[in-house]
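K.L.:
Sequence first, predicted model second:
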Amino acid sequence: MPSAALTQIGPGSPLTDRQREVIDMIGILTRRYGFAPTVRELGKALGIKSAGSGIADHLRTLRRRGLITWIPGRARTLKVVGAP
């Protein structure tokens with residue numbers, strides 16, 4: 001059984017609870033408003049005060065893992081692409 005802080009998404013590919021929350025919140029906000037949230041809106045919804053470093057670190061990690069994507073320099077382009 002995985003630890004409380006990890007959710008298994010595949011062999012050798014654990015997600016932290018916070019990473020899971022980020023992915024889930026992108027989907028929730030996109031469905032609610034019909035378009036992707038900005039990084040600031042996502043951070044606010046998750047209670048992360050620093051959009052610059054706090055949420056950005058999670059987003060970069062999730063992008064590296066192929067779970068999300070976005071177009072650099074363009075707002076509202078966050079998209080969940082991998083199946084967590």
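P.N.:
That came through, no problem. Numbering: from 1, shown residues only.
K.L.:
In contact with Leu42, which residues are there?
P.N.:
Counting by C-beta atoms under 8 Å, 6 or more residues apart in numbering, Leu42 touches 22, 25-26, 29, 51, 55, 78. C-betas here are computed from N, CA, C, even on glycine.
K.L.:
pLDDT, distance to Pro14 and secondary structure added to the residues you listed, as CSV?
P.N.:
Listed next are the contacts of Leu42 as CSV, based on pLDDT from 0 to 100; distance: C-beta to C-beta, whole Å; DSSP: H, G, I helix; E, B strand; the rest coil:
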residue, pLDDT, distance to Pro14, secondary structure
Val22, 96, 15, helix
Met25, 97, 19, helix
Ile26, 97, 19, helix
Leu29, 97, 24, helix
Ala51, 67, 25, helix
Ile55, 90, 20, helix
Leu78, 96, 22, coil
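K.L.:
Of those, just the buried ones, PyMOL syntax please.
P.N.:
Selecting only the buried entries of the contacts of Leu42 in PyMOL, with 16 or more other C-beta atoms under 10 Å as the criterion:
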select buried, resi 22+25+26+29+51+55+78
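K.L.:
Kindly provide the distance from Phe35 to Leu15.
P.N.:
Noted for Phe35: a distance of 25 Å to Leu15, by C-beta to C-beta, to the nearest Å.
K.L.:
what's the burial count for the residue nearest to Leu29 when sequence neighbours are not counted?
P.N.:
Excluding its sequence neighbours, the residue lying closest to Leu29 (C-beta to C-beta, 6 or more residues apart in numbering) is Pro37, at 4.1 Å. Pro37 has 20 neighbours, counted by other C-beta atoms under 10 Å.
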